[in-house]
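> need coordinates for the following:
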Amino acid sequence: MSDFVKENSIVKKIWGNTDTILFIFAGAAAEFSLNKAVDWLYFTGKLPKDPLGRLFSTVAYAQKIVFATTEKANAAIDQITAIHQNVEAARNTKIPDWAYRDVLFMLIDYSIRSFEMLERKLTDLEKQEIFDTFNRVGKRMKISGLPTNYAEWTIMHSSQLMENLAYGNFSKDLYQQYLKHLGFVRYNLMKKIQAVLVPKEVNHLLKLGKGKGVSSILTIYKTSRIFNLNIFLRNLLLPNTYKAQILSIGNVR
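Numbering: from 1, shown residues only. Here you go, the predicted model:
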C-alpha cells in the first residue's frame, strides 16, 4: 500500500516537526483573519468560539494526510469535502473555488516560510515537492483553477494576496479571540513571529510591524536545540488548554 507522500520527502520532514507546525499555525492564523471568505468559518459558529482549536484542527487534518497511505489520505480528503458540502447545503450557497485555493496556498506558503525560518533555505525541487503534495489534495477535492507547477503557483499566489485579503470586523474579532485564548505574553509573541513570517501584504493589513526582537529569540531557541532545551522552552509557551493537542500533532510518526 503506497504512501500519499514518499518516506524521504521534505514534506514529511516539515510536517513531522512540532516547531515548524506551530509556525505554520501562526502564519495561517494571521492570513485566515484577512481572507474575504472568513465569514464561512463564522457561519458554523465554531471559529469565534474556539479559533485556536479550529485552526489547529485544520493543521492536524493536513498533517494526517501527509503521513497517511494514499487510500487513507484520499478518504480524509473526501471527508473534508463532505464537511464543506454540508456547510454549503446549510447556507444554501457554494464556497467559492478561490477560497479553497487560498487555504491550499497558505499550506504551501507557510510550509516553505516556516521551514526556511527555522532550518534552511529550500531548493527549487523541494518547493516543487511541497506544491505537488498540496496540489494533489486540491485535485482530489475537485477544486478548479489550480496551478500546474510551483512557478505558476508563485504568480497565482501573488495575485491572491492582492485580491482576496482585506481587514474587516472578522479580522478584528479573531485577534481579540486570540488574545483572550492565548493571554498577553503568548499573544504578543505570536504577533512578533507573524510579523517576520507572513508576506508583506498580510503584515501591512494587520499592521504587525517589524517583529522587533524576534531574531534574537529565534537565535536563542535554535541554540537551545543543541542542548535539548528547546522542548522545555517551547512547552513553557504553550497554552495549557491546547498543550496536549499540539504535542499530539508532533508525535505523528
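> tell me who's in contact with the residue lying closest to residue 2 once chain neighbours are set aside.
Using CB to CB, 6 or more residues apart in numbering and skipping residues adjacent in sequence, the residue nearest residue 2 is residue 70, 5.0 Å away. The C-beta positions use only the backbone N, C-alpha and C, and glycine is treated the same way. Residue 70 makes contacts with 1-4, as judged by CB atoms under 8 Å, 6 or more residues apart in numbering.
> which of those has the most neighbours?
Sorting these by how many neighbours each has (other CB atoms under 10 Å) puts residue 4 first, at 23 neighbours.
> residue 73 versus that one, what's the distance?
Distance, residue 4 to residue 73, using CB to CB, to the nearest Å: 4 Å.
> common neighbours of these two, please.
65-66.
> tally of neighbours for residue 189?
Counted by other CB under 10 Å, the residues lying close to residue 189 total 16.
> what about it, which helix or strand?
Per DSSP states H and E, residue 189 falls inside helix 184-197.
> which strands or helices does that helix pack on?
helix 18-34, helix 97-118, helix 169-182, helix 200-206, helix 214-226 (3 or more CB pairs under 8 Å, 6 or more residues apart in numbering; DSSP states H and E).
> would you put the C-alpha positions of it in CSV?
Once non-C-alpha atoms are left out, helix 184-197 reads as follows in CSV (Å, rounded to 0.1, in the frame of the first residue of the first chain):
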residue,chain,number,x,y,z
PHE,A,184,-1.0,38.8,26.8
VAL,A,185,2.5,37.3,26.6
ARG,A,186,1.8,34.4,24.2
TYR,A,187,-0.4,36.7,22.1
ASN,A,188,2.3,39.3,21.6
LEU,A,189,5.0,36.6,20.9
MET,A,190,2.7,35.2,18.2
LYS,A,191,2.3,38.6,16.6
LYS,A,192,6.1,39.2,16.6
ILE,A,193,6.6,35.8,14.9
GLN,A,194,3.8,36.6,12.4
ALA,A,195,5.5,39.9,11.6
VAL,A,196,8.6,38.3,10.3
LEU,A,197,6.9,35.2,8.9
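> what residues does it touch?
Residues from elsewhere that reach helix 184-197 (CB under 8 Å, 6+ apart): 23, 26-27, 29-30, 110, 113-114, 117, 178-179, 182, 202-203, 206, 208-215, 217, 237, 239.
> which of these are buried? Put it as a ChimeraX command.
Here is the ChimeraX command that picks out the buried ones among the contacts of helix 184-197, judged by 16 or more other CB atoms under 10 Å:
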select :23,26,27,29,30,110,113,114,117,178,182,202,203,206,208,211,214
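> what helices or strands is the one helix or strand residue 65 maps to leaning on?
Here residue 65, judged by DSSP H and E, is contained in helix 51-66. Using 3+ CB pairs under 8 Å, 6+ apart, the elements in contact with helix 51-66 are helix 10-15, helix 18-34, helix 70-91, helix 124-140, helix 169-182, helix 240-249.
> among the ones you listed, which comes closest to residue 225?
helix 18-34 (8.7 Å; CB to CB).
> what about the stretch 1-150 of the chain, any weak spots by pLDDT?
By pLDDT under 70, the low-scoring segments of the stretch 1-150 of the chain are 40-48.
> now do 90
1, 17-19, 21-22, 25, 32, 37-64, 83-84, 86-96 (pLDDT under 90).
> circling back to that earlier point, between the helices and strands packed on helix 51-66, which one is nearest to residue 224?
helix 18-34 (11.0 Å).
> so who does the spatially closest residue to residue 131 that is not a sequence neighbour touch?
Nearest residue to residue 131 in three dimensions, chain neighbours excluded: residue 150, at 4.3 Å (CB to CB, 6+ apart). By CB under 8 Å, 6+ apart, the contact set of residue 150 is 124, 127-128, 130-131.
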